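Student: Build the 3D model from these lines:
(4 chains)
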4 protein chains.
Amino acid sequence: MAGTYSDPRDRSFIADGNAKLLKDVEADYAALGAILSRRGVDIDAVTATVASFGVAIPSWGVGTGGTRFARFPGIGEPRNVFEKLEDCGVIHSLTGATPTVSLHLPWDHTDDVPALRQRATALGLGFDAVNSNTFQDRPGQKLSYKFGSLTHTDAAVRAQAVEHNIDCIRIGQLLGSKALTVWIGDGANFPGQQHLGRAFERYLESTRQIYAALPADWRMLIEHKMYEPAFYATVIQDWGSSLLAAQTLGPKAFCLVDLGHHAPNVNIEMIVSRLVHARRLGGFHFNDSKYGDDDLDTGSIDPYRLFLVFNELVDAQWRQAPDFQPAHMLDQSHNVTDPIESLMTSAIELQRAYAQALLVDRQVLADYQQQNDALMAAQTLKRAFTTDVQPILARARLQKGAAIDPVAAYRRSNYRLECANKRPASQSFGGGIV
Amino acid sequence: MAGTYSDPRDRSFIADGNAKLLKDVEADYAALGAILSRRGVDIDAVTATVASFGVAIPSWGVGTGGTRFARFPGIGEPRNVFEKLEDCGVIHSLTGATPTVSLHLPWDHTDDVPALRQRATALGLGFDAVNSNTFQDRPGQKLSYKFGSLTHTDAAVRAQAVEHNIDCIRIGQLLGSKALTVWIGDGANFPGQQHLGRAFERYLESTRQIYAALPADWRMLIEHKMYEPAFYATVIQDWGSSLLAAQTLGPKAFCLVDLGHHAPNVNIEMIVSRLVHARRLGGFHFNDSKYGDDDLDTGSIDPYRLFLVFNELVDAQWRQAPDFQPAHMLDQSHNVTDPIESLMTSAIELQRAYAQALLVDRQVLADYQQQNDALMAAQTLKRAFTTDVQPILARARLQKGAAIDPVAAYRRSNYRLECANKRPASQSFGGGIV
Amino acid sequence: MAGTYSDPRDRSFIADGNAKLLKDVEADYAALGAILSRRGVDIDAVTATVASFGVAIPSWGVGTGGTRFARFPGIGEPRNVFEKLEDCGVIHSLTGATPTVSLHLPWDHTDDVPALRQRATALGLGFDAVNSNTFQDRPGQKLSYKFGSLTHTDAAVRAQAVEHNIDCIRIGQLLGSKALTVWIGDGANFPGQQHLGRAFERYLESTRQIYAALPADWRMLIEHKMYEPAFYATVIQDWGSSLLAAQTLGPKAFCLVDLGHHAPNVNIEMIVSRLVHARRLGGFHFNDSKYGDDDLDTGSIDPYRLFLVFNELVDAQWRQAPDFQPAHMLDQSHNVTDPIESLMTSAIELQRAYAQALLVDRQVLADYQQQNDALMAAQTLKRAFTTDVQPILARARLQKGAAIDPVAAYRRSNYRLECANKRPASQSFGGGIV
Amino acid sequence: MAGTYSDPRDRSFIADGNAKLLKDVEADYAALGAILSRRGVDIDAVTATVASFGVAIPSWGVGTGGTRFARFPGIGEPRNVFEKLEDCGVIHSLTGATPTVSLHLPWDHTDDVPALRQRATALGLGFDAVNSNTFQDRPGQKLSYKFGSLTHTDAAVRAQAVEHNIDCIRIGQLLGSKALTVWIGDGANFPGQQHLGRAFERYLESTRQIYAALPADWRMLIEHKMYEPAFYATVIQDWGSSLLAAQTLGPKAFCLVDLGHHAPNVNIEMIVSRLVHARRLGGFHFNDSKYGDDDLDTGSIDPYRLFLVFNELVDAQWRQAPDFQPAHMLDQSHNVTDPIESLMTSAIELQRAYAQALLVDRQVLADYQQQNDALMAAQTLKRAFTTDVQPILARARLQKGAAIDPVAAYRRSNYRLECANKRPASQSFGGGIV
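Tutor: Coordinates of the predicted model:
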């Protein structure tokens, strides 16, 4: 009956929904298994590997995003970090693919951090990298970041920004995080506004202080971005600058690749490969884009590009690349969809790309590459990509007690309507889009 | 003395400031006159033409802009359309180059339109094109534009958006405007979200109704934009779609070119030329950009591109192109500067490009073109561009009673501080960025 | 035995190769049929529609391409149009998907046109659009195209270029073609080199003469391109200019879309939709690209974009769009592969995208669109795209007597080695890349 | 009299031409001197610094370039390296700005290297960096570079390419060069064709051998490029990869920045600044571009961008950045102009940008930057840029015995016609475009 709420995290609710789909999933899985078997691939091994894949949900992603022109809120949006956590729990229960959450401070500030950790544990969730925020001013903030934060010309502003990052580490430690992601919007809108070289020197000076505060088992993830909010020059504008910074800081500093932060036409999988080579690939902010940092749902615009990125990741695993342990995080802005639905399908798109990449016969590929048989090398990748791995993804979810069709289950649960009742509309909920 | 306020619109205040600079301006003007005379150019004629140039100030431009990440307000920002008008008056008094204002509704709503017109007249200002806004929801709005306005799948939403546009025309008539600018953010963030063809058909159906409400002496200006806020597809995404729409609507429909609304690398002056050919060039939203719709200050990033646009405009005048009467409007987002300063220097940059373009010997250029002397043709443009026309611009201002150095005069007046006192800070002032 | 030549066009040679694969194809086809049946799709109907799809092979595509830096010829390259035809015959025999050839003049000049047509008929081939070439000078050519052809400032050069196009029509008539494709490289490398408006006027003047020579049942296909060989401005640089020209010329003039001729990030399926709306979509030059006019193999870089283009085409068929009869042609440069292999796999990629687009439930999609259910609308397209249609493609080939695995069959035939023996290396074979 | 040849390198020929222009140059110089004096700038000091600026002519630049579609040769093109040297001598005589030549091997192969050096000395020319070429096959070459050179999967091909580079060093030593520029086209046209990581490892392995052969006082300049001739992935695709390579090789390895080798919208001056910071800025290949690696004349498309690059260079000098000694080289393709004219004007454009950058008051700029006065900081750069430095450039040439108006002098000399007589047309002259 429309409107009746069922807890989407309830195991039996999920199992009930799965029951009707079970027969088809088994049939499709068997048919695909036969096809893969002919190619020498053990489908169960692939399923098991895919099932082990997890990606972190960005806490800011469960709210509706927006643009500088407008934000059109949805109903039942979470109003604080605890409510965000509940939504993340729903996503993980239904997909089995999102065991961690990535927080953003001070957006996710709470006076009771231990309670937050406790609630997460109860929901089966852990915490991935903590994100600092020095690209916005907050009420009561002493100094403004209008003209920069870690690179500001005023040492007092830099100190404030450094202190905030160190706070983030402290809170992250309480939560069990092991990484700090640093993205700044610092840059210039005009030629001349900023001394390009000195701004970078100030960046290094500030981040050195943050780096010094890192616990022994933590990583610092440096996120670059070509432009926006700065529209002429950005201090950490590309992977080259990110790498220079990481090299300067030390072995715990790594580069984070957001798929939407590059110049048009750039070959992102090449950047991934170079960072693997440099032993500095720290992780990803996954999303998709057509124009700029569009923060669209992962795999929605160019799924083959996503596959090619995963092809590099699987290859690095295969080659046992040193210092290779990238963090997987989503970073999207959901402007026209229910964020929970977008995050569920995005996590699944990552698994899809991963499954496809696992199907590549790397020895065969290597042989074609060695012989410069460009056509068959390309076909080898394409054949893996065009394989319909849906049955593998469904089976992996099934094995973990998650939903075969997460979106259908979610809709059937009426979770959003329940939230709309519990969480009165809040126009003032900040955009919070990275 | 720092902090003492002088009215920057005061003629004698301006004259006092000019007095000190007069001698140098005269000397520089004479020296440039001699150089131009050698090239067969009458400097006074150029000065007179430049002095006749005017560009409309966007009412939303006098507030501080922002990005989806943050808006860092300045001090003394205008809180309503009357205060915006005051700021526009300052800009025009000091530059003599901005005789009109372009309003944006409902941002600039007032219950007393005649009073607004009266105040404008007192400030020496008129009204250029009125802009409708159906890309945001406003408190109390009946239906949401979350999924589109003029192209929404729901006829009731389309009707609401049409009605708003017709309202804009009514208000514009009261103000003496002669054009309606229609920009919509309608589009899609996902492949499949929107039927690309049907959305365009709905656009035409809606705009036909608006067009039917246009007074006889009005124009409808259709503004295209490649992306943002929609990140996969935008209904009026390029000049081709804009042209198709204008052709469908009728002879009062024209295409508006915003310099930042194109794909990377696109040759904008070519689009200007094509629209002149098609007799559909309606006007400009001037600004500059490096990446996307950055809305940076005009001429701040690629001044040669701006010159090449003006080169087409001067050429069209020279050839007496039919139906050629483009509107000139600024459309910028001032995130890190005092908006009044940015708008003044931007108006001057337009005059600079215009003056440079007027220096091109079109007959000589035509001869080089006819002979395919690419090098000398190119040099002909470059020589005009590299000529320092500062003395012409200063003299043109002087002749009109404006300031030789508008930014210096403005700063000396302490107008901003005066505003800060009179206009208490308003955090909630909407971004309002187009 | 390696080196033994078998005629790849031989029916029994093909059948022998297919025999070993037959059982698997049938099993996979049955499995897919069951899956599609659950979605309400009749697999045999899809297979029949896919089997009816044909794309023209560009005669210049069977030779190895190159860049301005170098061309690395392959072995056994065709030395004249008759040998090119033989290669096209192999492609069609093995794929059953390329029933026509598109010639390029004067590259494909022969003194015996009737013999060419006769040989084509014998090979089961017809002729699609004829391409004129006024972007190169040929030995013995009276006037040079260095500074343009149809838009040259010298009327005599324009007349020569017009005459060549009319010659192409004459030859095309002898071959049974029904369309002339006009692509020119005319433009400028320097601002000022060319009067942008006058060049377009000369283009219209010249093409009017060509248009006047079109037989009643012919079409003129206008191909635009953003840049290259001209690097500052190109006369027909985008679909807007192409449309303006087509509108000026008359109802037999249509716009041709080459997938690689757009600005970065441009939404090509939107352009397709607009041209369908304007009743001016003439056809395609299919290929793929990452940076510019890379002319890579169709579907090799962004297969989802290709699918989205076909989604528009299938939709236009479904809606019975008027004047909708687009020509399908490949236009690629094969620099590192055997051109025959690339053309075969590219034709198959087109069929793949077509098959996937046919799987979209258009009524379901339309409903999601009407309800602004962006997520499910997007998923509807994605589900069609992620379906592995390989069995449909194999079965379609099988039904037509073509090879289940065309590349394997081709390699087994040793056709290339046979050619290498029969066709001594020719370093001077022109690049011939469009 | 038309057609009469005068040697453009003749001092008195030049002086005769200058005589007529002398009075105006002096007047303009005095007027500009007065303006600059008011700004606290000593014009003579600027002139002296500009006069000391030199840029290397690329030997391949004096021939007409082309695209993959066509090359339209000019008349009187040089047929060998000695004739190229003559043309370079003309350029230097008339501009006084191009004291060196950069050779490309094996294009510029000669059996008598000492004679070449002797002739250069006679012409007042030296030799800048030597360029190796492993992106083309040459008649008689043992192994092909079709699938790569320094990164080829076959060790024998790599060895051949390494050997060629070492040969270049040997020849360069004989000529007095002090640097080797290594640009390779190695990459892939298809995803999968090349293992991205292994190709880079092979690059490092090969370049290590070249590096080991560098004389103590030599530099190795690594040139990156985003794409072309490879259209999917390029081994050294951006400055990040270039930097990684330089760091791996050692302190004599530097990064070379070609202005046209970047992704769209990239901030090139930022890259310059980062390479200065990393102490790895090796030098430049100057040109201009609108779309890709267009190789247009320097400063012809975006002169402000060129100024901003020089702004970084002057700033680095001012700050006495360590290891800062960048090589200046032109690298252009002259398809529609007389190469000598293009090279002369391009050298002058570099001087123009340099002169403008020298006018920036760096202390004033630094103060505005410190205060975050974005508007005045931007205006400070713009004011320098809009200053017409023509008189400085003319005076600098005059002081060195070069021509006030080099193009006019060159045309008056009829040098090109003289060459046309002396050098019969050679259709087979290789494009030779980098």
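Student: got any ranges where chain A has weak pLDDT?
Tutor: In the predicted model, chain A carries pLDDT under 70 at residues A:1-2, A:426-434.
Student: longest single helix anywhere in it?
Tutor: In chain A, assigned by DSSP state H, the helix with the most residues is helix A:11-38.
Student: And that one, what does it pack against?
Tutor: helix A:43-51, helix A:390-399, helix A:406-413, helix C:11-38 (3 or more Cβ pairs under 8 Å, 6 or more residues apart in numbering or on different chains; DSSP states H and E). C-beta here means a position set from N, CA and C on the backbone, and glycine is covered the same way.
Student: redo that, cut-off 10 Å
Tutor: When contacts are defined as 3 or more Cβ pairs under 10 Å, 6 or more residues apart in numbering or on different chains; DSSP states H and E, helix A:11-38 sits against helix A:43-51, helix A:81-95, helix A:390-399, helix A:406-413, helix C:11-38.
Student: Now it: buried residues?
Tutor: Buried residues in helix A:11-38, counted by 16 or more other Cβ atoms under 10 Å in any protein chain shown: A:13-14, A:17-18, A:21, A:25, A:28-29, A:31-33, A:35-36.
Student: same question, stretch A:355-363
Tutor: Neighbour-count burial for stretch A:355-363, counted by 16+ other Cβ under 10 Å, picks out A:355, A:356, A:357, A:358, A:359, A:360, A:362.
Student: what helix or strand is the second one on?
Tutor: Using DSSP states H and E, residue A:356 maps to helix A:339-358.
Student: Write out the residues of the stretch 201-350 of chain A neighbouring chain C.
Tutor: A:263-267, A:289-292, A:296-297, A:299-308, A:334-338, A:341-342, A:344-345, A:349 (Cβ under 10 Å from any Cβ of the partner chain).
Student: Kindly recompute the last result at 6 Å.
Tutor: Those residues of the stretch 201-350 of chain A that sit near chain C, judged by Cβ under 6 Å from any Cβ of the partner chain, are A:264, A:265, A:291, A:300, A:302, A:303, A:304, A:336, A:337, A:341.
Student: how close does residue A:330 get to chain C?
Tutor: 15 Å (Cβ to the nearest Cβ, to the nearest Å).
Student: I meant to write residue A:316 there.
Tutor: Distance of residue A:316 to chain C, given as Cβ to the nearest Cβ: 22 Å.
Student: Give me the three-state assignment for that residue.
Tutor: Assigned state for residue A:316: helix (three-state reduction, DSSP: H, G, I helix; E, B strand; the rest coil).
Student: What residue in the stretch 51-200 of chain A comes nearest to chain C?
Tutor: The nearest approach of the stretch 51-200 of chain A to chain C comes at residue A:72, 11.1 Å away (Cβ to the nearest Cβ).
Student: and that residue, how far is that from residue B:156?
Tutor: Per Cβ to Cβ, to the nearest Å, residue A:72 is found 17 Å from residue B:156.
Student: Could you do residue A:280 as well?
Tutor: Per Cβ to Cβ, residue A:280 is found 54 Å from residue B:156.
Student: Looking at those two, which is more packed in?
Tutor: More crowded of residue A:280 and residue B:156, by other Cβ atoms under 10 Å in any protein chain shown: residue A:280, with 22 against 10.
Student: Show the contacting residues for that one.
Tutor: Residue A:280 is in contact with A:243, A:246, A:254, A:255, counting by Cβ atoms under 6 Å, 6 or more residues apart in numbering or on different chains.
Student: 10 Å - rerun?
Tutor: A:222, A:239, A:242-243, A:245-247, A:251, A:253-256, A:274, A:323, D:244 (Cβ atoms under 10 Å, 6 or more residues apart in numbering or on different chains).
Student: Can you show me the strands along the stretch 51-200 of chain A?
Tutor: Listed in chain order, the strands of the stretch 51-200 of chain A (DSSP state E, counting those that start in this stretch) span A:56-58, A:100-102, A:126-127, A:130-131, A:179-182, A:187-188.
Student: So which of these is nearest chain D?
Tutor: Closest to chain D of the strands of the stretch 51-200 of chain A, according to Cβ to the nearest Cβ: strand A:187-188, at 7.1 Å.
Student: which other residues reach that closest one?
Tutor: When contacts are defined by Cβ under 10 Å, 6+ apart, strand A:187-188 is touched by residues A:147-148, A:151, A:193-196, A:199, A:225-237, B:336, D:267, D:270, D:369, D:372, D:374, D:377-378.
Student: Looking at these, which are in helices?
Tutor: Taking DSSP H as the definition of helices, the contacts of strand A:187-188 contribute A:196, A:199, D:270, D:369, D:374, D:377, D:378.
Student: Just the closest of these to chain B, please.
Tutor: Proximity of the ones in helices among the contacts of strand A:187-188 to chain B, judged by Cβ to the nearest Cβ, is greatest for residue D:374, which lies at 4.7 Å.
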